[in-house]
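Trainee: pasted the sequence and its predicted model underneath.
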Amino acid sequence: MRIIYKYIYKELLPYFLFGVAAFTGIFIGTDLLFELTEYYTVWGVEVLTLFKLFFLSLPSIIVLTFPMATLLATIMAFSRLSSDGEITALRAGGISLYKLILPALIVGLLMSGITIFINELVVPQANYRHKQIVYEFKHGEEMPKTQYNLYLTPLDKNNNRPDYILYTHRFDGETGVMEDVLLQEYEEGNPTSLIKAESAEWLDDGWKFFDGAIYHLKEGERVPSMTFSEYRTREDIHEPEEISNLDKNPDDMSIQELTTYINMLEEQGRDAAEEKVRWHQHFSIPFANFIFALLAAPLGVRPKRNSSSATGFGISIIVIFIYYGLMTVGGALGGQGTVAPWLGAWMQNIFFLIIGSIMFYKVGK
């Protein structure tokens, strides 16, 4: 069986590489090249910078083409084996179709893992760097990490009332410094004190406020308590990196960053359904590699007299169109709260998993 499996892997590999190249070329030709051309003609971007933008755009494109290439490779490889009578010969030798399809499923699982790895470690950094470069040539300066008029209002889980309210006129995510800061503290949902400071800075032991005053709050009045040059707040305020993520696009976040971002949104009583859908898509989209392999293998091994590359490519396009159509619908439903976020993100996978499992069962009978 090792020799047969090795033979099938060698059959799958060229088609997979062809699929990656073909689908990547489609994405580049229909979107990326027009974007780069606009940067050159409208903004006068240098050719070297255009090359940087091109290669920074590739990771996000490639992770989308991997499932498509897995689908195409599986259909075309097994169609070729079937049309040349090799599937029939192997079955006559006592090898079941289940065993013949196994290498495709293994490739699908492997590519799912690789896609998650690239999507987690490469894509967010590449996307963010891409946006930095675009911002630089459009505005003539580096993309700021500064947020203005920032509010943090986490809720106490026990009473669903504010735990504290933090306002800063200016927050520099790079230095971890807030300017013109107000911090209103609560106990059991009731305001107890107000801290007003010229600045606050993140140090090793947490946030420290500088040059300000503390006021104790009583019903209907504000009583001055003390002034300070340096004060360590007792509130557990998020670290600068976590606060900076509030101004970051979820598409540029890793799974861990997105988890923190969702928690911060929920702490403040804000809806995070769209972000939860995006979190689940970090896994559901890469898992399409396995789903497509499960679906495509039974399609490919069906007996046929001849099979062309155009036929395999056409079937792949149809399946991909339906898959991403369902993904769009599921993402919208999950983001609006019509269905659970996890269901919105996995809807298309569940649909094709059921179809693929039925076909996998029937083809082996």
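Mentor: Perfect, thanks for sending it.
Trainee: so which strand or helix has the residue nearest to Ile315 when sequence neighbours are not counted?
Mentor: With C-beta to C-beta, 6 or more residues apart in numbering as the criterion, Ile315 has its nearest non-adjacent residue at 5.9 Å, and that residue is Ile75. Heads up, the C-betas are built off the backbone N, CA and C, glycines and all. Element membership for Ile75, per DSSP states H and E: helix 47-83.
Trainee: same question for Leu90.
Mentor: Per DSSP H and E: helix 86-92 holds Leu90.
Trainee: repeat that for Ala197.
Mentor: strand 190-203.
Trainee: residues in contact with the residue nearest in space to the middle of the chain?
Mentor: For the chain, the residue sitting closest to the mean C-alpha position, by C-alpha atoms, centre = their mean, is His282 at 4.6 Å. With contacts defined as C-beta atoms under 8 Å, 6 or more residues apart in numbering, the neighbours of His282 are Ile116, Asn119, Glu120, Ile255, Leu258.
Trainee: apply 6 Å and report the result again.
Mentor: Ile255 (C-beta atoms under 6 Å, 6 or more residues apart in numbering).
Trainee: pull out the buried positions in the host helix or strand of Ser244.
Mentor: Assignment of secondary structure by DSSP H and E places Ser244 within helix 240-244. By neighbour count on 16 or more other C-beta atoms under 10 Å, the buried set for helix 240-244 is Pro240, Ile243, Ser244.
Trainee: quick check: which of those has the minimum pLDDT.
Mentor: Among the buried residues of helix 240-244, Ser244 carries the weakest pLDDT, at 83.
Trainee: my read is that that residue contacts Gly173, right?
Mentor: Yes - with contact defined as C-beta atoms under 6 Å, Ser244 reaches Gly173; the gap is 3.4 Å.
Trainee: ok, which stretches of the stretch 201-350 of the chain are strands?
Mentor: Here the stretch 201-350 of the chain has its strands, by DSSP state E, counting those that start in this stretch, at 206-218, 221-232.
Trainee: name the helices or strands packed onto the first one?
Mentor: The one in question is strand 206-218. strand 190-203, strand 221-232 (3 or more C-beta pairs under 6 Å, 6 or more residues apart in numbering; DSSP states H and E).
Trainee: who touches it?
Mentor: If you take C-beta under 6 Å, 6+ apart as the criterion, strand 206-218 is touched by 191-201, 222-227, 229-233, 237.
Trainee: what sits closest to Leu353 if chain neighbours are left out?
Mentor: Nearest to Leu353 is Ile291, by C-beta to C-beta, 6+ apart, at 5.7 Å.
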